[in-house]
Structure formats: structure tokens, C-alpha cells
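Participant: what's the 3D shape of this:
(4 chains)
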There are 4 protein chains.
Amino acid sequence: MCRFAAYLGPEIYISSLVTEPKHSLIHQSYHAKERIEPLNGDGFGIGWYAPQFCDAPALYKEVSPAWNNKNLRDIARVTKSSCVFAHVRAATIGGQLSRANCHPFSWKNFLFMHNGTVFDFAQIKRELRSGLSDEAYDLIQGDTDSEHIFALFVDKLGKKENLQQKDIKSGLLAAMEEIERLKANAGVSEPSTMNLVLADGKNMVATRYVTLGEDSNSLYYISIGDYSCRKGESRIAEGEEGCLVVSEPLNDDQRWQRVENNHLVAVDANKNVTVDPIPSFG
Amino acid sequence: MCRFAAYLGPEIYISSLVTEPKHSLIHQSYHAKERIEPLNGDGFGIGWYAPQFCDAPALYKEVSPAWNNKNLRDIARVTKSSCVFAHVRAATIGGQLSRANCHPFSWKNFLFMHNGTVFDFAQIKRELRSGLSDEAYDLIQGDTDSEHIFALFVDKLGKKENLQQKDIKSGLLAAMEEIERLKANAGVSEPSTMNLVLADGKNMVATRYVTLGEDSNSLYYISIGDYSCRKGESRIAEGEEGCLVVSEPLNDDQRWQRVENNHLVAVDANKNVTVDPIPSFG
Amino acid sequence: MCRFAAYLGPEIYISSLVTEPKHSLIHQSYHAKERIEPLNGDGFGIGWYAPQFCDAPALYKEVSPAWNNKNLRDIARVTKSSCVFAHVRAATIGGQLSRANCHPFSWKNFLFMHNGTVFDFAQIKRELRSGLSDEAYDLIQGDTDSEHIFALFVDKLGKKENLQQKDIKSGLLAAMEEIERLKANAGVSEPSTMNLVLADGKNMVATRYVTLGEDSNSLYYISIGDYSCRKGESRIAEGEEGCLVVSEPLNDDQRWQRVENNHLVAVDANKNVTVDPIPSFG
Amino acid sequence: MCRFAAYLGPEIYISSLVTEPKHSLIHQSYHAKERIEPLNGDGFGIGWYAPQFCDAPALYKEVSPAWNNKNLRDIARVTKSSCVFAHVRAATIGGQLSRANCHPFSWKNFLFMHNGTVFDFAQIKRELRSGLSDEAYDLIQGDTDSEHIFALFVDKLGKKENLQQKDIKSGLLAAMEEIERLKANAGVSEPSTMNLVLADGKNMVATRYVTLGEDSNSLYYISIGDYSCRKGESRIAEGEEGCLVVSEPLNDDQRWQRVENNHLVAVDANKNVTVDPIPSFG
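Facilitator: Alright, predicted model coming up:
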């Protein structure tokens, strides 16, 4: 159910995530390695913060596959950013395809994306929606579990100004907890997988989460001093200038770190990377 | 704001509504005459009952314009049906395009489409949805006012078996009344235009409706003995074998009847056509 | 490089090839078994002869994947035909996607599709085109090798009236021979694979062809008395009322016949099926 | 018949051509004023030179309308460039839509687009193509007259290094002359309209051309010191730092200059703007 890549650090070309690496996100759109089903052909999206637009990231999303899209190749080739999200989607068979269901999602200065499934989501959807503020409610344009998690986050974040990384982190965890609470209340025993990434252009938070005892989706990260990729060759300089978080490593480099189940990776505005366990919900 | 055409009667080719007439629905997709804005280029849809599939009409809907779609031309050219709906859409500027927002909509053996706008719909959307049954709620996949009217209809229809034309008529009127009631409750003073068409494959009901004192959208009908169109030439034989209901006449024939404001056209299974005033809501 | 299914016989629903069988063409669009690469997600097409339109088959073709297309499911579900072509495409990476490059292709009463590749086709393209009649030249709207083979067929067929199956067969073989002749002249040593299917609504011809000594693409056929498929269950009654030709069997039935390399399957208007070796070219 | 806008000068946001002005190119996609038919809804494209990519401009082109495309709005909003082409297309009814037929076209460091029609182009297409070099021939992926004019330009430019503005100008005029020569040879008396724009990232050349005695398409230009547009307000500072060439003025400013019939506007690397008559062909 989807693959993604997220980057925060010195400016890079979007192509260095999406098209250039040996196991680029486009490669993962048809040859994902760490899922049973290698295909993620039900749409894609990129989101990025352009210089002078840190308060309103740009989105390019399509319902068609990433691998044969010439526009994506050209846009990724010439566009630089210090914070990039990229996502390839595997929709439920028979589901409605629409741009509104493609990741990433944006709200104000936030970008969000999801790899995973809240199984039996239909059982909690009405209850979830009825608890939302009007602002969060009106934000929702599609019908994915993912967009509803993001709407919960918007509400959990509250009206506070000058948000710190810890506010983002606690908002995201509160949204996840709310999902599990709603499922418990509804008597849903099916698990949830929530590999989530959230950024505000300066900070980034990512989770590898699964209901206890179930299989989770893969997640990796790497701290970098500098990163680039041209003509298939990724160059990852060690250092603490930024961080990559990916469903699957973009190349064979041994330094990619596997994120443990139910852990959260956080990158702050100084590019300090911390990995902490996610507290148990309920 | 859209244009549509609906047909119930002896089998016709879909092309005789959509592509062949001088003022076909495709022509109306870029040269609508009875709207200020002639353009209906934000998607289209056709719905039809195929022989042996009267309980499950087929839909072909796209978010792209009707006028340059080669598939539509070919499908319309070779497909016959005794009940056909066709719709070209003008979306609100900046709105989300998706197949889920294209008309017609279907549920069980029903087809439904809408030309008009429930202005300030956002003011009543949550309240409307919270009143729906789970079945009607789960039916909604997009975010148009139209689809919500249809969901209301589904609930108003109730669980009765062996539905008669009067049940369909009263269900549709009850849905419209509910819209106006919700608006009144929410203090919305903006008007509604609801030119609606609903069919179950045997009966068809169409409304020309506007909140009192406002401008409505055009609507016409014609009773026919036989109807066909090839190479631009429409042939409309008089009789009582069927009925066409259209936003704009498909040709210059003088026999098209203008439906008065706030009237309802009903075609029953015997192809009797009646036109009655819509009772005042509230 | 693509998968296809073709049918000639008593009327069937298109769904019985495309959506219903356990290994339907849609299933082959993401889980093809007899290709190294299981993915055929670069567009699809269906072509069919509707009653009263035997001289002008209809086409429904899209550049997006078959597996998530709701229109395809609905059109296939309600549409019957006695001659159906269906194709899912795997394009060359980086190639231009366009409807004009999707199969099947049509000309007059003919449908045509191709699974395979004329390697190094660019080396012979100009020479091939310069030899075409204006009619065949103007027929070409895309840039696939496939459409050029079809244009050669159109010219080889000549102006004869009342075409017999043998004319179709010899026209197709002459087109294939011309491809190999052009390659030889240009010094191209790369092989060709040409699994081709051609029909005129009454007759059908299919080839499994590869340049000597190379690997070919899979091809199967089955003679049937009657064929249908609903809810995943294919029913194949023995008899000689029609024939299915497919890249991969649609179910586990043991009666599917593998077509040998460089053989041609021909179904005539009486539904007699013959399999003959393709004469060596050159 | 299309509408376009081209810019060379200090970096601007693409939105200041495409989405922001009162009569932006998006506005022209449905409300063009200086054509009989106001609709240009058969696809769009933007081309731009990104910093460090002056030798390979980027393209974003789609076959769907510009006015309802959310991606276009976002990409235009955050992307800056010192040379931007934008185009909205009106295709011939019944013509094949494909990305390959959308403008602008690119080759090496060149961008090219066309507003107009070489009437009866089919009469000269084969002859034109047979005269092309292999490089120019292989460049063509669609079937528009426009792309063929560009291929002629590629050949006329020759193999010269260090191309000057005069080389570009003479190459473009030679391509236009070749079109008229081919038509004369083929006995075609239908006119041609060729409003063309060509740039290499530093120089820009634009023509307003029509066969003598016929109606041409509108063309305007304005020399600017600085240009920007946000929230509908265009700010055009006088000066000689750049130039805008457009089918229709983007706002009500009185300083837009109408280009006379059969004249050529040239902007050199120093942003000097000259307007000269196009010499008579033949």
C-alpha cells in the first residue's frame, strides 16, 4: 500500500529522490521490493517548499502511474527544494481514483503523507468526522483513511502559534491515538499500519507504526551532510545537515538505518535527528 | 452549471442524444445557448440501461471535456438503450475535478443527474450528512451538492418494495424539501436551482425548480412516438411511446415544450407524460 | 510487451474476457505470468463489433491502466459482441503515451492488435513509410511499430472487393514479410516478435511469430461451442462455434492449446479453426 | 487555433503570465477575446528555463483544459524563470489529442510554439517529411503542422556552433518559406497563419504571419523594465530589461503594442527589441 520518500536538508533536485536513484521512487512504483505486491501504479504526488513559499508548499499530483509520466520527469529534473515529499500509490482494487486521494496532502505550511491502512476504516469514519472541527472537516476532499488522519492532526494541533517540533510530534501522536481509540470504541479488531510523514518546511516527523503483533510496512532513514543523485549515482556525504526518510532505501548504501516498529523519527530545525519509541495507545 | 439530456422510450442509439443532433449534448458542452456561460467542459457522463441490466445501469464518466473524446463518440455510436442519461458539467472554478463528481449518479436501479446549484451548500453539508442513514452516507464518494441530494432521495425512498412512479416522485420531492428545510434552519438565504432527473429504467421524473423569485435553468420536454438522429438529422415522430427531457432542445423542432418554473415532468411505465406544479416547500 | 485476448463466436459479454475470468485481461495487466515483467500498465483498449456495425467496429482506448478503470468495468459488463479484441499495453520506458499508440487499431471493418516488438524499428521506419500508399500513410496517427505493420497490411490487402479469409491471411503474412525484408535491407540483426491478431468481424487470424532462433511471446487458443464467464467462473463448452486466442489462458482449463512458434491460427466465417506454420521469410 | 504568451527578461513567476493577470492565459483558455471561438480547451503547456538548465528547458504539458488544473496553478505559483512560454490549445474537432501535439515543443536549448494553421497541411506533409534530416524527422512525435514547422527550423539552423540571434531569425524565416514553397509546389491555395515564437533562453523571436490578403491571428508585445503580477494586479515598469509577446494583452494597459501583419519581433540577449517586416515568400 504505497511507497514514499521524504527529505529535509540542503536544497536538492527533486529528481534525486524521484527519478535518478537506482531504486528511485519511480522504480518503486513498479518494482517495490519490500512489499508482497511490487506495484504502486494508482497515482503519485510530489510536494515541495519553494524558496519564499515556506508557508504554502506546492503539490503536483496525478491519478496515473509515475513511471510513464514525462511531466514528472521534467519538473523533478529542474526543481530544487530543501524539503520534498514524494509518494506512489497503490489503491484498494475497485476504489475511486481521484487527485483528492493522492498524497501528499497539504494544509497551511504542512505536508503530510501515509503508507499503510487503517483496516475497517469505514467502521469509524462517521464517528471520526462528527468529532472534527469545521475547519478540519472542510479540509477533507477525498475518501482515504489518510486524509482523515491528517484532519485529526489539524485539530489536535490546536490554535497555538509559533509551533515547535514537539507540538507537531504530539499532534501527530494524538491523531494516531484517536484512530486507535475510535477503533476500540467501534469494536474493530483489524490492525492499523500508519507510516506517516509530516513536515512544516523546517521540521519533519515520521512514524513506523503498526497495531501490536501485526506486520508493519518498511521504513528507513539516513542522516546526511549532503545528498545528491545524477545519472543513477547517489552521493551521500555523512554529516548532520539533513535527513532522508524512505519506505525503501534509494540505493545499496549500507548506512541506511531501519526504523524499528513503533518508533518515531524526528528531525528538528537544526537537523538533529532523534528516534524514539511510540508510546503504547490504550 | 451543466446541461443534460434524458430519454425514456423505444431503444435509441446514445449518439442520437450526445453526438448527432445539431444541438447535441456535445454541442452544448461548448456552445450552450441558454446559459450566460456557454462552456460545460469540466467532465461528462452517460448512463444507460442495457438489455438484461435494468437493475444496474452502466456509467461512462470522465473528468475531461466531452467535445474531444473519441471514446464517447464510438461508444455512443454503437450502443442502444431504452433509457439514457447524458450530462456535461461546468464545475465551480477551483473546485476539485473527479469522476466521483461527474453525473449521472447511480444506486441500485436508479440513475440521477442535476443541473443547478444549492448555493451556500457548505452551510448545510454537515447537518445533511449527519441525518443520513449509513447506506446513503456510504453512497457518497464526491463532494457535490448533487450527490447529496441523491443520497437524501435514497433515504426518503425508504425500504418499500415494488416501487411505483408515485413513490419515486414523492421521494424526489421530499429530498428537495429537505434541502430547503436545512437551508432555512441554517439561515441560508441564497437560492437553490434544482433541475433534477431521476429514472429507474421504466419511469422517469424531472424537475425544473428554483427558490421563489429567482432565475431558474432552462428545461424542455417532448413526447415522442419514435425518435432517432443520424448525420445531424433528428426525426421526431409524434406519439406517446416515450419522452425526451433536455436542458436545451436538440434541434429547431417547434414541438419542444418549455417546462414552467417549479414544475415536474413525470413519465410512467406506460409512457404517459404528466406535468404538474411542484408544491411550495415551507 | 503487452498481453491480449481475442474472441470470435456467439455473442459474449466483453466482461467475460476482460474483467471476470480468474486470469482476466485485467489480471494480466498487473500479474501477467508468462512475461518476465508482469506489468502492462501503459494503457489498454477494447474493440468490438456491435450488431449492425460489422463494417465499423467500436474502440474504447485509454492511456491509463486497465486495473483501476471503472468505466472499463461497466462498459465490459453490459456490452455484448460476437467479435471482441482486448489489449493491455507495456510501453517502452520513456516512450510517449497516447491514445493513438493504444491497441487495437481499426480500419474500415478491420481490427488489429500486436504483442511484441520489431526491435530497432527506428532503423526501418522512414523506408517503410516512404513505400506506403497515401491512404495507408494517412492512417498512421501514432509512432508504434504495431500501427506501421497494420498500415503495411492495409496496402498488401489491395483494392480487392469481397475479401475472403485467405486474402486476410496473405495480406498479414505479406506485411510481416515486408518488415523482415526492410530489416534485412537496413542491416538490422535484432529480432522481431509479432504476435498479431486481425479480424474483419467474421474471420480472425492470429500469429505467433519470432525471428528464427529467438524467444517468442506466448500464445494460446481454444475452439469453443459456447463461452461465458460470470463471477470468476469461466464456462467453456466444447464445440466449433467460435474461438478464443489469448496471450495467456484465462483460467486453469487444460484444453487451452499452445500455439507453436511461427504458426498461424485462422478462424473462418464458419468458425473452422486451422493452425498452420508460417512460411519462412527470406 | 490557440493562444499563447512568451516572456524573456528578469526572473518572474510563471503565475504572472498563466494564472494571475485579469486576462491571464488561463482566462484566455475559455474567454479568448480576439478569436471568433473563445475556447482553447484541448490541452495546454508551459515551458521554462530553470537556473542551471538553460540548455534544456522544462516542459509541463497536458491534454486536458488549463482552467481546471490544480497542478498548473501550483507549479506556476512557485516557479520562477527568466524565459517562459505558455500555450492553450484549440484542436481541430475530431483530431487526436495527445501530449505530443501540445505546445511548446523543445529541442536542445530551444522552445517553440505556434498559434495558427497551415491549411491543407495534409497535402504537403509527406513531401515535407521526406526532405527532413534523420535528426529532425525523428524529433517529430505527433501530427501537428506546428511540430513539422519546428522540425524544418531544426534543419534550417544547420550545424553551426555559437548561434547568434540572426541565425535563429533566419532559420525561422527559412522554415516558414519552406512551408509556403511546399504548398505552392503542391498547388495548395489555402492560406497559412503562422504566429510563431522561438527562444533559446537568451534570445526570442516571434512572428505574426499570414498568407497575403488573408486574416491573421492577433499578436502584441511590450518592452518592460520589470514585470510582475499578484492577485490580479499586473505591474509593468517601463524599461528595456525584457519583453512580453502575447496573443492577447494580459491586462488593460495601453502600452501593449499591436504587431503588424507579417512582422517579426526579435529580442536579443541584451533585451533589445526590434520589429521588422517579414520579407515576402516567393
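
Participant: Strands along the stretch 151-282 of chain A, start to end?
Facilitator: A:195-199, A:204-208, A:220-230, A:233-246, A:257-258, A:263-267, A:273-277 (DSSP state E, counting those that start in this stretch).

Participant: again with the stretch 1-150 of chain A
Facilitator: With DSSP E, counting those that start in this stretch as the criterion, the stretch 1-150 of chain A has strands spanning A:3-13, A:44-48, A:58-62, A:80-88, A:105-107, A:110-115.

Participant: mind checking which of the strands of the stretch 151-282 of chain A is nearest chain B?
Facilitator: Chain B lies closest, by Cβ to the nearest Cβ, to one member of these: strand A:195-199, at 22.3 Å. In this view, the C-beta of every residue, glycine as well, is placed from N, C-alpha and C.

Participant: how about the residues of the stretch 51-200 of chain A near chain B?
Facilitator: A:96-100, A:122, A:126, A:129-130, A:134, A:137-138, A:141-143 (Cβ under 8 Å from any Cβ of the partner chain).

Participant: Which member of the residues you listed is positioned nearest chain D?
Facilitator: Of these, the one sitting nearest to chain D (Cβ to the nearest Cβ) turns out to be A:Arg99, at 6.8 Å.

Participant: Please tell me the pLDDT value assigned to that closest one.
Facilitator: For A:Arg99, the pLDDT comes out at 96.

Participant: Please report the number of neighbouring residues for the closest residue to it other than its chain neighbours.
Facilitator: Among residues not flanking A:Arg99 along the chain, A:Lys61 sits closest, at 5.3 Å (Cβ to Cβ, 6 or more residues apart in numbering or on different chains). Using other Cβ atoms under 10 Å in any protein chain shown, A:Lys61 is surrounded by 22 other residues.

Participant: which residues pair with A:Lys61 across the strands?
Facilitator: Beta-bridge partners of A:Lys61, counted by DSSP bridges, are A:Gly45.

Participant: you'd agree it is up against A:Asp42?
Facilitator: No: applying Cβ atoms under 8 Å, one finds A:Lys61 not in contact with A:Asp42, separated by 11.8 Å.

Participant: and the stretch 1-150 of chain A, which residues reach chain D?
Facilitator: Counting by Cβ under 8 Å from any Cβ, the stretch 1-150 of chain A sits next to chain D at A:48, A:50, A:53, A:56, A:58-62, A:70-71, A:74-75, A:77-79, A:99.

Participant: Redo the strands of the stretch 1-150 of chain A as CSV? Include distance to B:Ser106 and mean pLDDT.
Facilitator: Converted to CSV, the strands of the stretch 1-150 of chain A look like this (distance: least, Cβ to Cβ, whole Å; pLDDT from 0 to 100):
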stretch, distance to B:Ser106, mean pLDDT
strand A:3-13, 34, 97
strand A:44-48, 29, 98
strand A:58-62, 26, 98
strand A:80-88, 31, 98
strand A:105-107, 29, 98
strand A:110-115, 30, 98
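
Participant: possible to save these as a markdown table with distance to B:Asn217?
Facilitator: Formatted as a markdown table, the strands of the stretch 1-150 of chain A follow (distance: least, Cβ to Cβ, whole Å):
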| stretch | distance to B:Asn217 |
| --- | --- |
| strand A:3-13 | 45 |
| strand A:44-48 | 36 |
| strand A:58-62 | 33 |
| strand A:80-88 | 40 |
| strand A:105-107 | 35 |
| strand A:110-115 | 39 |
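
Participant: To B:Ile26, which of the ones you listed lies closest?
Facilitator: B:Ile26 sits nearest to strand A:58-62 of all the strands of the stretch 1-150 of chain A, at 26.0 Å, using Cβ to Cβ.

Participant: just the angle between that closest one and strand A:44-48, please?
Facilitator: 170 degrees (axes from the mean of the first three to the mean of the last three Cα atoms, to 10 degrees).

Participant: just checking, what packs against strand A:58-62?
Facilitator: strand A:44-48, helix A:70-78, helix D:70-78 (3 or more Cβ pairs under 8 Å, 6 or more residues apart in numbering or on different chains; DSSP states H and E).

Participant: if we go to 6 Å?
Facilitator: strand A:44-48, helix D:70-78 (3 or more Cβ pairs under 6 Å, 6 or more residues apart in numbering or on different chains; DSSP states H and E).

Participant: Can you say which of those is packed in most?
Facilitator: Looking across the helices and strands packed on strand A:58-62 with neighbours counted as mean count of other Cβ atoms under 10 Å in any protein chain shown, the highest average goes to strand A:44-48: a mean of 28.

Participant: tilt between that one and strand A:110-115?
Facilitator: Computed by the same axes, to 10 degrees, the angle separating strand A:44-48 from strand A:110-115 equals 150 degrees.

Participant: Give me the angle between strand A:44-48 and strand A:3-13.
Facilitator: 40 degrees.

Participant: distance between strand A:44-48 and the chain's centre?
Facilitator: Strand A:44-48 sits 10 Å away from the centroid of its parent chain (Cα atoms, centre = their mean, to the nearest Å).

Participant: what's that strand in contact with?
Facilitator: A:57-61, A:66, A:81, A:84-88, A:102-104, A:111 (Cβ atoms under 6 Å, 6 or more residues apart in numbering or on different chains).

Participant: picking that back up, farthest-separated two in the residues of the stretch 51-200 of chain A next to chain B?
Facilitator: The most widely separated members of those are A:Leu97 and A:Asp134, with 27.7 Å between them, by Cβ to Cβ.

Participant: Tell me which of the two has more neighbours.
Facilitator: The neighbour count for A:Leu97 versus A:Asp134, taken as other Cβ under 10 Å, is higher for A:Leu97 (23 against 10).

Participant: need the contact list for that one.
Facilitator: Per Cβ under 6 Å, 6+ apart, neighbours of A:Leu97: A:63, C:68.

Participant: Kindly recompute the last result at 10 Å.
Facilitator: Applying Cβ atoms under 10 Å, 6 or more residues apart in numbering or on different chains to A:Leu97 gives the contacts A:42-43, A:62-64, A:89, A:91, A:142, B:98-100, C:64-65, C:68-70.

Participant: before we move on, back to that, selection in ChimeraX covering whichever of the residues of the stretch 51-200 of chain A next to chain B are buried, please.
Facilitator: Those of those that count as buried under 16 or more other Cβ atoms under 10 Å in any protein chain shown are selected in ChimeraX with:
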select /A:96,97,98,99,100,126,129,137,141,142,143
